[in-house]
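> Let's see this in three dimensions:
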Amino acid sequence: MTSPANNTPLKTLPPSAYWHCFCGVLTREYLRFIQQRTRFLSALIRPLLWLVVFAAGFRAALGIAIIEPYETYITYEVYIAPGLCCMILLFNGMQSSLSMVYDREMGSMRVLLMSPLPRWFLLLSKLLSIALVSLLQVYAFLMIALLVDVEPPLMGYLTVLPALLLVAVMLGAIGLFISSRIKQLENFAGVMNFVIFPMFFLSSALYPLWKMRESSEWLYWICAFNPFTHAVELVRNALYMKLSVEALAATLAITAVFSVLAVTGFRPQSGGGRG
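Numbering: from 1, shown residues only. As a prediction, this is how the structure comes out:
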């Protein structure tokens, strides 16, 4: 098997080449992140508004019963905190997909993909790097959330890490798949709004599924099959040192499917993907 760029046999590349490539992609994403301070602030302000303002207004109307993984009655702020963590990952994943569309328009993505390393490794390195940078914002949010008495177990901050990483990769893969189907940068924002808000609101991020079922059976089933619902429940359980096997299996499956679709569908040419 050879690289289409320069016919270098891939099997001759040492493992260190893969590691150095990943570190390079990660460094680029980190530098881009610290240079865009408004991006960091907006990623924190958005969920904090929901946690402080929205929760204060809806606390009484949306009281939470004892549900998994909680062992007692909880405040509404405690309930929505995991969903808001996933909200950060959702917006970051989609915003990073926008940067990939921009890189493709400018031609810099083709420079990356000219590497002798396989395309799947390069794109997955990009997704994983974006996910790792997103975790910084999530943990910053969780630290601030302590001020409104969102206090998960101390070990929960550690057990939730792999769940957050998996969810970030899943959402990044979904965003990359969508970006691979968008031909022009100008169309991206409208498509993302069409994706982000239904995914967020039609999930268990803001209200338990049983409350949705009381309101509408068909809305309940939409929420139940929403990938974001499984992501939220995986993070919610992991934050309280529990495992939802159903949420984990669904998130792994969705991540695998969209990663394959994103890698096979992405075209580095300026002007976009297929269709």
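> for the chain, which spans come out with low pLDDT?
1-11, 59-67, 101-113, 183-187, 189, 267-275 (pLDDT under 70).
> May I ask you to name the longest helix in it?
helix 76-106 (DSSP state H).
> Give me the distance between that one and the centre of its chain.
5 Å (C-alpha atoms, centre = their mean, to the nearest Å).
> and that helix, what does it pack onto?
In terms of contacts (3 or more C-beta pairs under 8 Å, 6 or more residues apart in numbering; DSSP states H and E), helix 76-106 is packed against helix 37-49, helix 55-58, helix 108-113, helix 119-145, helix 156-180, helix 188-201, helix 227-239. The C-beta positions use only the backbone N, C-alpha and C, and glycine is treated the same way.
> May I see the buried residues of that helix?
76-101, 103-105 (16 or more other C-beta atoms under 10 Å).
> now do stretch 152-169
By neighbour count on 16+ other C-beta under 10 Å, the buried set for stretch 152-169 is 152, 156, 159-160, 163-169.
> And for stretch 252-266?
By neighbour count with 16+ other C-beta under 10 Å, stretch 252-266 contains the buried residues 254-255, 258-259, 261-263, 265-266.
> again with stretch 137-145
Neighbour count says stretch 137-145 has 137-139, 141-142, 145 buried, by 16+ other C-beta under 10 Å.
> I'd like the distance between V235 and L202.
Applying C-beta to C-beta, to the nearest Å, the value for V235 to L202 is 17 Å.
> So for these two, which residue has more residues nearby?
Neighbour count, other C-beta atoms under 10 Å: between V235 and L202, V235 has more, with 26 against 19.
> so what's that one up against?
By C-beta atoms under 8 Å, 6 or more residues apart in numbering, V235 lies in contact with 82, 85-86, 160, 163-164, 167.
> do A17 as well
By C-beta under 8 Å, 6+ apart, the contact set of A17 is 116-117.
> if you set the cut-off to 10 Å instead, what comes out?
By C-beta atoms under 10 Å, 6 or more residues apart in numbering, the contact set of A17 is 10, 115-117, 121.
> secondary structure element for it?
Take DSSP states H and E as the rule and A17 turns out to sit in helix 15-35.
> before we move on, the earlier item: could you tell me the angle between the longest helix of the chain and helix 188-201?
Put simply, helix 76-106 runs at 160 degrees to helix 188-201, going by axes from the mean of the first three to the mean of the last three C-alpha atoms, to 10 degrees.
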